[in-house]
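Enquirer: compute the structure for the input listed below.
(one chain, ligands or ions: 1)
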Amino acid sequence: MGRLRRLLPLAVLVGLAVGWRLWSRRPERRQPGSPCFAPAYDLATGPFEGGVLGRLRRQIAGTAAGRVLEVGVGTGANFRHYPDTTGLVVVDPNLFMLRRARRRARSLGRDADLILALAEALPFRDETFDTVVATLVFCSVADLNRSLAEVRRVLRPGGTFNFIEHVRARNSLLGALQDAATPVWRRVAGGCHLNRRTVKAIEAAGFELVRLEERQLAVMPLVAGTARSK
Ligand SMILES: C[S@@+](CC[C@H](N)C(=O)[O-])C[C@H]1O[C@@H](n2cnc3c(N)ncnc32)[C@H](O)[C@@H]1O
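Expert: This is a model prediction of the structure:
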């Protein structure tokens, strides 16, 4: 019963996403990102913010320092966790997410530059930032390796990359289920892949893992960590 209740927000998210998918097929409805995804996302993740997700966010955003870039900011769920002194720039390609993030930044009195951009083509010079933060983003980017290469490019050498991601399970049965579900899931959940081996990709992109914590978010394996640009 408890598990069913925890899965309810995910069911709401899928329902809204399917509805949006059908509605948005009409050409005049095409937008840079779905307007439904932003409110549905807050609804779906809300129940977890008081638990494991909120705790990991506190750790990941709370240790950001210097010039900070957040990639795929979504609705700004990390804003409340940044230290007050942080100079913050955030990007997301979904205008509706950015609008919510702007409202949240205002309501928290958080000073942040919000920019419409993709992780695959970050509009910043090399070595601009001391810290890059990304939470639950690399499951959704179209090109994982290119996005990570961009994160490394805009970080100063020795800079810090703080992340939270859900990833492919080590358990082979659960991993196979994630592989099978991903083609459908990504169509209804904003391009989200359930089965990415993101930690391996982070290391392959030239980062050294400094810390890695493995947790569970409902049925999804979650990793939170810090990597240093080599
Ligand atoms: C699951 S949401 C996570 C939002 C937020 N980071 C959080 O932790 O709540 C994924 C976000 O990644 C963004 N996104 C998708 N593709 C992206 C890309 N190629 N580059 C940057 N952000 C992207 C989506 O618009 C969405 O806001």
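Enquirer: so Asp130 is in which element?
Expert: strand 129-135 (DSSP states H and E).
Enquirer: partners of that strand in the sheet?
Expert: Strand pairing for strand 129-135, determined by DSSP bridges: strand 67-71 (parallel), strand 155-166 (parallel).
Enquirer: now those strands as CSV including mean pLDDT and distance to Ala218?
Expert: Placement of C-beta: from N, CA and C, glycine included. Formatted as CSV, these follow (pLDDT from 0 to 100; distance: least, CB to CB, whole Å):
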stretch, mean pLDDT, distance to Ala218
strand 67-71, 98, 24
strand 155-166, 97, 10
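Enquirer: and of those, who's closest to Leu95?
Expert: strand 67-71 (16.1 Å; CB to CB).
Enquirer: only alpha carbons, please: show the closest one as CSV.
Expert: Below are the C-alpha coordinates for strand 67-71, written out as CSV (Å, rounded to 0.1, in the frame of the first residue of the first chain):
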residue,chain,number,x,y,z
ARG,A,67,31.0,30.8,-10.0
VAL,A,68,28.2,28.2,-10.3
LEU,A,69,26.4,26.8,-13.4
GLU,A,70,23.4,24.6,-13.0
VAL,A,71,22.6,22.6,-16.2
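Enquirer: immediately after it, which helix or strand?
Expert: strand 87-92.
Enquirer: show me which residues of that following strand are buried.
Expert: By neighbour count on 16 or more other CB atoms under 10 Å, the buried set for strand 87-92 is 88-92.
Enquirer: now narrow these to whatever sits close to the ligand.
Expert: Among those, the ones lying close to the ligand by the criterion of CB under 6 Å from any ligand atom are Asp92.
Enquirer: quick check, nearest of the buried residues of strand 87-92 to the ligand?
Expert: Asp92 (4.7 Å; CB to the nearest ligand atom).
Enquirer: touching, that closest one and Ala77? I think so.
Expert: No - using CB atoms under 8 Å, Asp92 makes no contact with Ala77, being 11.8 Å away.
Enquirer: sketch out the low-pLDDT regions of this structure for me.
Expert: For the chain, the stretches with pLDDT under 70 are 1-33.
Enquirer: where does it get nearest to the ligand, which residue?
Expert: Counting by CB to the nearest ligand atom, the chain gets nearest to the ligand through Gly74 (2.3 Å).
Enquirer: how about the nearest residue to that residue, chain neighbours excluded?
Expert: Of all residues not flanking Gly74 in the chain, Met97 sits nearest, at 5.0 Å (CB to CB, 6 or more residues apart in numbering).
Enquirer: would it be right to say that that neighbour lies in a strand?
Expert: No - looking at Met97 with DSSP: H, G, I helix; E, B strand; the rest coil, it is helix, so not inside a strand.
Enquirer: and for it, the neighbour number?
Expert: Using other CB atoms under 10 Å, Met97 has 26 neighbouring residues.
Enquirer: check the one 4 residues further on too.
Expert: Using other CB under 10 Å, Ala101 has 25 neighbouring residues.
Enquirer: any chance you could map the helices in this structure?
Expert: For the chain, helices defined by DSSP state H occupy the ranges 2-23, 37-49, 52-62, 95-108, 144-154, 172-188, 198-204.
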